[in-house]
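**Student:** Following is a predicted model, sequence given first.
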Number of protein chains: 2
Amino acid sequence: MVEDQSLSAIFHALSDPTRRAMLRDLAHAQRSVGELAAPFDMSLAAASKHIKVLERAGLVQREVQGRLHVCRLDAAPLHAGLEWMRHYERFWNQRLDALHALLRAEDRVATPASPAPVKPANKSSRRKG
Amino acid sequence: MVEDQSLSAIFHALSDPTRRAMLRDLAHAQRSVGELAAPFDMSLAAASKHIKVLERAGLVQREVQGRLHVCRLDAAPLHAGLEWMRHYERFWNQRLDALHALLRAEDRVATPASPAPVKPANKSSRRKG
């Protein structure tokens, strides 16, 4: 369930456009909380709330440097989310592969002794003359 | 902002373990709302709420067949989320590439006039013995 919880935290962190924009910003350089809040019309407290959600997901590391809280991106936890989504990409590709195999099998039935002719995969593309 | 909204809807849909389990289930076959609710200790109304979140993200299509509501997976919208995350994978890989380039530059300084020897990119893989 730990993996499930961290996946939930990662996807929850990414489900808000402000937090995604903060990650985009941090991909360029580390930022103070004030710098992260600056592009948005929000208080430091509101920005800090968003940053805490990113921290809980492990996507942001916050370091106290004197009076500044400096944030930097840690993209590593995104890999778990990426792997989860890739499973479905595979599943989707498998369905496309099955469709292609079906069309190839139809070709073999239509022309059993000759090489498969080059023709469009989508049968509905035949035009009426 | 439409893309931002749909990204938010996709990541929000994936941020709950019950909804992720429902998608896993739908990857095998289409299911009625009752079948989707069955593995969980929840009412049909609660399951229906989760399914509505998945529908809003475009990940589930619901079809009324007589008295049954039949759900099927549509993995296509996941691609937007996958692409968003891949951007950060690239960013992460770029940092690894920069590290490898630095190590190669060090090698060139160490052996300036001879062809580069074939050796593993990772210096720590040298074995003792």
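**Tutor:** Nice, thanks for sending it over.
**Student:** Apart from its chain neighbours, what residue comes closest to A:Ala9?
**Tutor:** The shortest distance from A:Ala9 to any non-neighbouring residue, by C-beta to C-beta, 6 or more residues apart in numbering or on different chains, is to A:Ala57 (4.2 Å). C-betas here are computed from N, CA, C, even on glycine.
**Student:** how close does that neighbour sit to A:His12?
**Tutor:** Distance, A:Ala57 to A:His12, by C-beta to C-beta, to the nearest Å: 7 Å.
**Student:** So for those two, which residue has more residues nearby?
**Tutor:** A direct count of neighbours by other C-beta atoms under 10 Å in any protein chain shown for A:Ala57 and A:His12 places A:Ala57 higher, at 22 against 18.
**Student:** can you tell me which residues contact the more buried one?
**Tutor:** By C-beta atoms under 8 Å, 6 or more residues apart in numbering or on different chains, the residues touching A:Ala57 are A:6, A:9-10, A:12-13, A:77.
**Student:** Give me the three-state assignment for the spatially most central residue of chain A.
**Tutor:** Centroid-nearest residue in chain A: A:Leu82, 5.8 Å away (criterion: C-alpha atoms, centre = their mean). Following DSSP: H, G, I helix; E, B strand; the rest coil, we place A:Leu82 in the helix state.
**Student:** hang on, isn't it packed against B:Glu89?
**Tutor:** Yes: in this structure A:Leu82 lies within contact range of B:Glu89 using C-beta atoms under 8 Å: 6.2 Å.
**Student:** just to revisit the earlier point, could you check the distance from the residue nearest to the centre of chain A over to B:Ala76?
**Tutor:** For A:Leu82, the distance to B:Ala76 - C-beta to C-beta - is 17 Å.
**Student:** same question, A:Arg19
**Tutor:** Distance of A:Arg19 to B:Ala76, given as C-beta to C-beta: 24 Å.
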